[in-house]
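Undergrad: sequence below, structure please.
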Amino acid sequence: MGLGTLLSRRRPKNSGGGWPVDGLPQEAGLLSAEISDPMGQPLPGVEVTLTETDTRRHVLKATTDPFGRVTAALPQGRYALRGTVEGLHPLHRVIEVPAGAPAPLERLRMETGQEPDLPQPGVWVFDPPHSAIRFVARHFGMSNVHGRFTRFDGGIRVAERMEDSYLEITIDASSIDTGNRTRDEHLKSADFLDVERYPYLHFASSKLTHKGGSKWTVQGTLTLHGVSRTVNLDTSYHGSVNGGYGEELRCAAYSTAELHRDDFTLNYGNMIQRGIVVIGRTVQLEMDIQAMYRHEGMPTPPE
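TA: You can find the predicted model right below:
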């Protein structure tokens with residue numbers, strides 16, 4: 001049985017709320033934790049990591065179930081548990097796991113966290129050396145291709161009311177980099193991005209919606225391969241600080257989106273018929289952005 005194997009959740013008689021230990025290796029024990037919100041209600045969706053305290057080695061990453069619980073079989077020892085969820089302070093606890101028996105059920109409560117201050121109104125310009133635009137796509141339906149765009153610019157004009165702000169990004173299509181020159185040249189060709197005809201990818205926001213805590217949805221229009229489609233960027237705002245060269249005022253955010261090649265006339269069916277199956281139909285886009293405060297340098301949104 002591998003480290004962190006999740007076990008069946010059948011409750012034995014007279015277990016005192018624990019989990020069964022039948023079938024555990026002799027040197028293994030059973031850890032179970034129940035995480036609740038500040039009001040004491042079970043909290044599903046908490047991201048839990050377990051680390052060996054001696055070696056600092058990560059042995060498990062899991063998410064609490066609908067009852068706020070996570071359970072794992074682990075070698076005997078001491079483990080640092082860390083739990084994180086949007087809007088609450090991270091949870092830290094060291095837990096002892098005895099061999100051949102379940103550890104006592106850990107009942108843990110998370111406390112309310114403080115939301116990061118929103119960026120001050122004005123123009124914030126992307127800082128490419130401290131930012132990244134990446135993508136992940138399936139390769140032959142079996143593994144993933146990881147790539148990035150190395151040249152891009154953009155920024156956000158922050159309004160007095162954050163929901164009225166405007167975001168714009170321009171990406172140089174020819175800067176695509178997957179770590180394989182032959183594949184990159186193919187992706188730039190008319191089979192895919194066709195960079196000779198469509199040299200840029202462009203995104204312009206139309207709506208910002210607060211989803212709670214530091215989570216936002218940025219809705220806008222993405223133009224790729226000569227086609228424009230509405231795309232939602234699921235965004236986590238990380239806050240703003242004074243830092244970097246010259247002590248610039250900076251802010252940071254992380255966004256993800258799922259793109260479908262067919263939406264942008266990158267015809268997957270025709271490529272399959274021609275034996276071209278280098279990149280799969282669905283592409284996961286990631287943008288890890290730092291921006292610097294500027295008074296000028298970015299256009300206002302179109303009417």
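Undergrad: per-domain residue ranges of this protein.
TA: 28-109, 122-294 (automatic domain parsing).
Undergrad: now do the first one, average pLDDT.
TA: It stands for domain 28-109. For domain 28-109, mean pLDDT rounds to 89.
Undergrad: what about the helices in the stretch 101-250 of the chain?
TA: For the stretch 101-250 of the chain, applying DSSP state H, counting those that start in this stretch gives helices covering 181-188.
Undergrad: can you pull out the low-pLDDT segments for it?
TA: 138-143, 243-247 (pLDDT under 70).
Undergrad: do you have the strands of it handy? List them.
TA: Taking DSSP state E, counting those that start in this stretch as the criterion, the stretch 101-250 of the chain carries its strands at 106-109, 122-126, 132-139, 143-149, 152-158, 166-172, 176-177, 200-212, 215-224, 227-243, 248-260.
Undergrad: the fourth one pairs with which strands?
TA: Translated: strand 143-149. strand 132-139 (antiparallel), strand 176-177 (antiparallel) (DSSP bridges).
Undergrad: now that strand: buried residues?
TA: Across strand 143-149, burial judged by 16 or more other CB atoms under 10 Å covers 145, 147, 149. Heads up, the C-betas are built off the backbone N, CA and C, glycines and all.
Undergrad: looking at the residues you listed, spot the one nearest residue 294.
TA: The closest of the buried residues of strand 143-149 to residue 294 turns out to be residue 149 (CB to CB; 22.2 Å).
Undergrad: circling back: closest one to residue 113 among the strands paired with strand 143-149?
TA: It's strand 132-139; of these, that one is closest to residue 113 (CB to CB) at 26.0 Å.
Undergrad: that closest one vs strand 200-212, what angle?
TA: Taking axes from the mean of the first three to the mean of the last three CA atoms, to 10 degrees, one finds strand 132-139 and strand 200-212 inclined to each other by 100 degrees.
Undergrad: so what touches strand 132-139?
TA: Strand 132-139 is contacted from outside by 144-149, 152, 169, 171, 278-288, using CB atoms under 8 Å, 6 or more residues apart in numbering.
Undergrad: before we move on, what about stretch 49-67?
TA: Against stretch 49-67 from outside (CB under 8 Å, 6+ apart): 3-4, 6, 31, 34-35, 42-48, 70, 72, 74, 77-83, 94.
Undergrad: now do 10 Å
TA: Residues outside stretch 49-67 that contact it (CB atoms under 10 Å, 6 or more residues apart in numbering): 2-6, 9, 31, 33-36, 42-48, 70-75, 77-85, 94-97.
Undergrad: what about burial for these, which qualify?
TA: Buried among these by 16+ other CB under 10 Å: 31, 33-36, 43, 46, 48, 70-74, 77, 79, 81-83, 85, 95, 97.
Undergrad: pretty sure residue 209 is touching residue 165, no?
TA: No. Under the criterion of CB atoms under 10 Å, residue 209 makes no contact with residue 165, lying 11.3 Å away.
Undergrad: higher neighbour count, the two?
TA: residue 165 (20 against 12; other CB atoms under 10 Å).
Undergrad: list the contacts of that one.
TA: Residue 165 neighbours (CB under 10 Å, 6+ apart): 118-119, 121, 124, 156-159, 205, 208, 216, 218, 301.
Undergrad: neighbour-wise, give me the winner out of these.
TA: For these, the largest neighbour count, defined by other CB under 10 Å, is 27 neighbours, found at residue 124.
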